[in-house]
Structure formats: structure tokens, C-alpha cells
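J.: 3D model of this:
(one chain, ligands or ions: 1)
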Amino acid sequence: MSGFNNKEKRAGAGKWVQRPDQQADLEKRQWAALRRRYEWKDSYDENGVAPRDEDLENELFGEENHVHTGINFAKYEEIKVSVKSAEGEQIKPITSFDEADLHKVMKENIELAKYKVPTPVQKYSIPIITSKHDLMACAQTGSGKTAAFLIPVLSQLFGRKNLAAPRPQPGVRKMKAEPLVLILAPSRELATQIFDECRKFTYRSMMRPCVVYGGADPAPQRDQLARGCDVLTATPGRLRDFLDRGLISLRRVKFLVLDEADRMLEMGFEDEVRSIVQKSDLIDDGTRQTLMFSATFPRRIQDLARDFLAKGYIFLTVGRVGGTTSDITQKILYVEEEKKRNQLVEMLLKQPPSRTLIFVKSKRGADSLDEYLYKQGFPTTSIHGDRTQREREDALISFKNGRAPILIATSVAARGLDIKNVMHVINYDLCDQIDEYVHRIGRTARVGNKGLATSFYNENNADIACELVRILMECNQEVPDFLQSYMGDMINDDYTGAGASNVYGRSNTWDDSNNNHRNNQNRDALSPRRFQPPNSYAQGPPINSPQFTSQSERGFPVVNLPKANNQYHSEISHGYSSPHMNQNFNSDDGSRNRPLPGNNWESPVQQEAQKPWDPTAVPWK
Ligand SMILES: Nc1ncnc2c1ncn2[C@@H]1O[C@H](COP(=O)(O)OP(=O)(O)OP(=O)(O)O)[C@@H](O)[C@H]1O
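T.: As a prediction, this is how the structure comes out:
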């Protein structure tokens, strides 16, 4: 299997080299599994620290990939943390990275990553993991859960040369990968992102990270494994495949991490995870630690998760299980199905150029909205399960580098993705599950930054109404008129917000039976008597709102706002002129066989990236 389908072969790698302006993209256009990582060559100084590799250091820790902490970073301190241990274990949190018992190389990497203070989940997970406990941890989106497991896990392995995987000897062609750390993630994009974090934190160490994930050519993944693999990130399907082919053995795994653990234990993934954990050669002699992380953990999944954890595991919660961050301004607009497109276009026209992620419910819906917006002149691309992996990776690169700052996505992009300066998440189609809502909107407002999430709501979304109101109230967000009838349910309901879960006994987290109960209530609540779509919302906000007439008012580049949809295109070609507007390029960047409005879109987005963002000032409130 080459990993390319016929369509991709036709598009052909040869063709996209025709675009000299995209040289930078081309260089990055390789399978994520091939990205450079530190290659340990047995050369280290008297302190056991290996030499620097400046090019790699710039790539891993450079500005381009760095998500700056936001003005609300310090607010993390106010969030209530709860640590429950079946064995009554007391955990003393660290207050600084210096104070933690971490390897010198890890401390240097933390500094390179510009992490000054640990986030709450890190303050607790570092001592919990280094004191050899299994852990189930639940903390808000964007609060640093990846580093919360990578830092303590990897640090313990650094400097232990006898543990590092043997590197292939000259003449030895086949070598089974025997990782010490196995990290499972539910999506390919998330797996490659975690791999990137592994590349950062294993820098200058002898631990070699690899990633295996579906949809991509397996050959380069196999080759990388054969060069030595200590830290393996994987999606379950491809891992199972490689296990069956005898390319990987899990007999040396010391740390098993389930990222987005609640998703990994849901239907669709659970069997695969069980088969990996229970029916492979995964070590099970009591020495392995199992760690689970997510922003959401429904009660039913908490119960399931215990099958995989040692008896004395610790349950760490930062804030309410399943809660979201108050740094996101959440807006819910009443929009009938047939008015969604117009409403969306109006919103996009009114906002300053900003990286925007639009969620839809189906793959076809994503394609069709992408096509529609593109024809209106918006620089869009899309990501969903029917696109080839090559297209998916390219779409993400285009979104990240600002070439296509509007990404239309299905739920494949809902969890875990950490993309710098996503300023606006739009739920064009609201999801059915509140947990998915929490993950979707969590793509903005990361590490103390602010963000905006706008959701289109209509009677098709009644199932989520009650829980949505709960989230809005909990975060002190405005509850729109058409949802106010659900507020009564909340007032009678004893929810205590941050840190409310009582995980070792029965919990007051929102369990599924509760959800069903609520959903039935929701349907009742939708009787015509209770449900009145307000006219103001049905119409949508006025176009050309007088509150916001020029982008320059908010410090954005001086570009007159277009007055009608079809002017957006000319506005872009005028304001952000592009030499490529009329050229017919082949698809090479996830933008579906068509030219994008041009390079210059990058600059406003990138410039803006550095500016403070005040979502409350956005005009369609
Ligand atoms: N202590 C820290 N100081 C500054 N930045 C940090 C710190 N820890 C993590 N970050 C950064 O915060 C961002 C979000 O981290 P991460 O993706 O791990 O969040 P998460 O909690 O896993 O979110 P999600 O629930 O959406 O998966 C990353 O860009 C990461 O580099």
C-alpha cells in the first residue's frame, strides 16, 4: 500500500512544485511521521547533556509554533483542584518547575518551550506521576494536559541509558520497535501533534519518539520505527495493524497514556483499546503506570476507565469535570437551517481577518460549505474523514500558516488540536453532546488567551439545550431569550461548579442517566407554549452594524469592510492583492484544487496574532 490514492497521484507531487511562492510549505509537506527529531549519537558532556542542534531547536521551539500564554493565565490559580485517592494518598503540588524533581535536560527543554509556571494540572500531575501512581486527570481544554504527562514521564526516563531502545547495528535490517512509552490518541491529527510535543520534550535526550497513524503511507512510519523507538504515539487502528505484523512489541512499555481518554473508551474505540491493552504483549506486571487525560469524563466512562487503572489510582480534577473555560465568550444565535449560510457570510464579513474554525455535522456538509464560502471569495479549506490524509495534513498546514485561515471541519478536529490564535470557533451545526461542544469551543482561548465561540441554534438542537444553558450560566455567559426557559431546570439543580465531582463515591458529575432525563425534559420544553424563536435572532444581527464600521477602529489593517458578499472577493484582491488570484493551480495545500485568495492573507492574520483580542468587542453580539 503506497498511501496515495489515484486522485492524489493525478494531482502529483511534481505539479505542486510549480508554485515557487509555496516553497516553505513544500518543505514541510512530508508525512508528519518523518519530521526531524533529535538523533542521539552517544556524545554528551560531563553533565550527561547532549550537544545542541540549532536548526532543530529553532524548528521545535521557534516563534512559529509557540502558543503564547494569555492575559488570563494567572486566573488558573483560582480554579478549584480536587485530588482523590482511594488510599488516602496526600499529594503536595509543585509550585514551580524548578522545585520539581526533573532531569536537567527536561528543565532545559521546559525553558526552551517558554513555560515559566506550571499550570494547575501540571502542578499536580508531575508529583503524582513521579510518585508512581496511575492517574485519571480531567482539566479544561488548553490548560496544558499534554505537557502534564510528557514532562514527568519522559524526565524519569532521561539519562537511563540501559533503558533506551537499541539502535540498529550496521547490517541489521529488521528491528522490532519496543517503546517504553505508549500514547494513544483518537485522531490522526492529534497523534501527530502529540508526536510534535514529544519531539520537543525529548530534545537532547536519548529517548527517540515515533508516531504511527492511519491514512498515511505506512512505509516511512515503519522505517522510523526500525531506527529505534522509545516513545510511541499512535492511533489504535494503525497500532493494531503494526502489532499484528510483528513490527512493534509492547512488552517493555512502562507508561501507557490515553489522551482524550473518555473518547478512547467510547464505542468505536473501546474494543480496539481493550484489545491493545488486554490482548497484546503489553506488560502487566504491576510496574506499568496508566495515565488518562481529558477535559471531559462522563460518569459512565469513569466507571469503564477503572478497568484499566490500578486500584490505588488518583483522580485529579481541575474545575468541574466537563466544564469549560471562562476565557471563551460564548454566543448562541437563533438561526433557522435555511438562513445559516447568509448568517455565516455576514458574520465572516464583519469580523476582522482572524483564524476561524467552523464546525459542521457531516462530511458532505463540510465540502458543500467549503465550496460555497470559497465561491464567495473566502480563503477556506476543510478537514473531515472523507478527505485523504494528505489533504487533511495539508489543510491543517494551510490553516496554521494563514494561507487558508478559515477551516471547515467535522468533529475530527474537535478534540485536542492546539492551533495558535484560533480566535473564533463557529458551531454552524451544533453537536448533540455537550462534551463535544466543550471540546469544539476549546480550540480557542488556550493557555489563558481569550476567544470567541458562536453557535447557531434552532429547534433541531433541543437535545443539547439544557446542558448548554448550564455551561453558559456556569461561565457567566449571556443566556439568550430563546433558551431562558431552561434556566429554571438549572436553578433547581444542585450543581456546584468547580471541583464538584466526588469520584470515588457516587458523583455529582453529570452522568448519563441524568442526561437522558434532561433530554426528555428538553423535548417537553419545546412544546410551542414554551418555545418561541425570537424575531431578533431569527433575522440575525443587522449587516453593517454601526458599532463597527472599520477594522482600523480595532487596530486591524485599514481595509474597508465589504458591503455585500460578492465584494468580499474584490476587497481581498484589492486590499490583500495576490499574484495568484487568477491562476489555476493544482491542489497542493488542502485547498481543494483551486487558488486561494493569496499570500497576503497571512500577514493580517499573523500580525493580528500578536495583538490582544477582545471578543466582547465583536459586533454581532
Ligand atoms: N506551563 C505552561 N506555560 C505556558 N504554556 C503552556 C504550559 N503548558 C502547556 N502550555 C501550552 O499550552 C497549549 C495547550 O496545551 P495542550 O494542548 O496540552 O492543552 P490540553 O489541556 O491538552 O487541551 P485539550 O483539552 O484541548 O487537548 C500548548 O500550546 C502548550 O505548549
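J.: Any idea how many residues pack against Glu337?
T.: 11 (other CB atoms under 10 Å). Bear in mind the C-beta positions are built from the backbone N, C-alpha and C, glycine included.
J.: which non-adjacent residue is nearest Phe61?
T.: Nearest non-adjacent residue to Phe61, counting by CB to CB, 6 or more residues apart in numbering: Leu112, 4.4 Å away.
J.: Please report how far that neighbour lies from Met106.
T.: 11 Å (CB to CB, to the nearest Å).
J.: So if I had to pick from these two, which one is more boxed in?
T.: Comparing Leu112 with Met106 by neighbour count (other CB under 10 Å), the higher total belongs to Met106, at 25 against 16.
J.: and that one, what element?
T.: Using DSSP states H and E, Met106 maps to helix 104-112.
J.: Asp196 too?
T.: helix 188-201.
J.: That helix to helix 104-112, inter-axis angle?
T.: 110 degrees (axes from the mean of the first three to the mean of the last three CA atoms, to 10 degrees).
J.: who are the neighbours in contact with the residue of the stretch 251-400 of the chain found nearest the ligand?
T.: As assessed by CB to the nearest ligand atom, the ligand sits closest to Ala295 within the stretch 251-400 of the chain, at 4.1 Å. Taking CB atoms under 8 Å, 6 or more residues apart in numbering, we find Ala295 in contact with Cys138, Ala139, Gln140, Thr141, Ser143, Lys145, Gly322, Thr324, Val438, His439, Gly442.
J.: The residue nearest to Phe308 when sequence neighbours are not counted is in what secondary structure piece?
T.: Nearest residue to Phe308, sequence neighbours excluded (CB to CB, 6+ apart): Thr290, at 5.5 Å. Following DSSP H and E, one finds Thr290 within strand 289-294.
J.: What parts of the stretch 101-250 of the chain come near the ligand?
T.: Tyr115, Pro118, Thr119, Gln122, Thr141, Gly142, Ser143, Gly144, Lys145, Thr146, Ala147 (CB under 6 Å from any ligand atom).
J.: neighbours around the residue nearest to Phe308, how many?
T.: A count of nearby residues for Thr290, using other CB under 10 Å, gives 21.
J.: likewise Asp42?
T.: Asp42: 8 neighbours (other CB under 10 Å).
J.: what's the spacing between it and the ligand?
T.: Distance from Asp42 to the ligand, counting by CB to the nearest ligand atom, to the nearest Å: 30 Å.
J.: Just checking: what are the partner strands of the strand holding Thr290?
T.: When pairs are called by DSSP bridges, strand 289-294 turns out to pair with strand 135-138 (parallel), strand 255-259 (parallel).
J.: For the helix or strand following it, buried residues please.
T.: Downstream of strand 289-294, the next assigned helix or strand under DSSP H and E is helix 299-305. For helix 299-305, the neighbour count (16 or more other CB atoms under 10 Å) marks Arg299, Ile301, Gln302, Leu304, Ala305 as buried.
J.: chain center to the very next helix or strand once past helix 299-305, what's the gap?
T.: Moving toward the C-terminus from helix 299-305, the next helix or strand (DSSP H and E) is strand 314-318. With CA atoms, centre = their mean, to the nearest Å as the basis, strand 314-318 stands 21 Å off its chain's centre.
J.: With stretch 239-253 instead?
T.: 26 Å.
J.: Repeat that for stretch 457-471.
T.: On CA atoms, centre = their mean, the centre of stretch 457-471 falls 23 Å from that of its chain.
J.: Just the buried positions in it, please.
T.: Quick answer for stretch 457-471 (16+ other CB under 10 Å): 457-458, 461-471.
J.: Now render these as TSV, adding secondary structure.
T.: Converted to TSV, the buried residues of stretch 457-471 look like this (DSSP: H, G, I helix; E, B strand; the rest coil):
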residue	secondary structure
Tyr457	strand
Asn458	coil
Asn461	helix
Ala462	helix
Asp463	helix
Ile464	helix
Ala465	helix
Cys466	helix
Glu467	helix
Leu468	helix
Val469	helix
Arg470	helix
Ile471	helix
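J.: Which of the residues you listed sits closest to Tyr486?
T.: The nearest member of those to Tyr486, counting by CB to CB, is Val469 at 4.2 Å.
J.: so is Lys340 in a helix, a strand, or just coil?
T.: Secondary structure, three-state DSSP: Lys340 is helix.
J.: one step back: give the rounded mean pLDDT of the strand holding Thr290.
T.: The pLDDT scores in strand 289-294 average 98.
J.: Check stretch 315-324 too.
T.: 94.
J.: CA atoms of that stretch as CSV?
T.: Extracted in CSV, the C-alpha atoms of stretch 315-324 (Å, rounded to 0.1, in the frame of the first residue of the first chain):
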residue,chain,number,x,y,z
PHE,A,315,-8.4,11.1,40.3
LEU,A,316,-7.4,14.7,39.6
THR,A,317,-9.9,17.3,38.6
VAL,A,318,-9.2,20.9,37.8
GLY,A,319,-12.5,22.8,37.8
ARG,A,320,-15.8,20.9,37.2
VAL,A,321,-15.5,17.7,35.2
GLY,A,322,-16.7,18.6,31.7
GLY,A,323,-16.7,22.3,32.4
THR,A,324,-15.2,24.9,30.1
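J.: and the closest residue to Met207 other than its chain neighbours, how many neighbours?
T.: Using CB to CB, 6+ apart and skipping the chain neighbours, the partner closest in space to Met207 is Asp230 (4.3 Å). Using other CB under 10 Å, Asp230 has 24 neighbouring residues.
J.: The one 4 residues further on too?
T.: Using other CB under 10 Å, Ala234 has 28 neighbouring residues.
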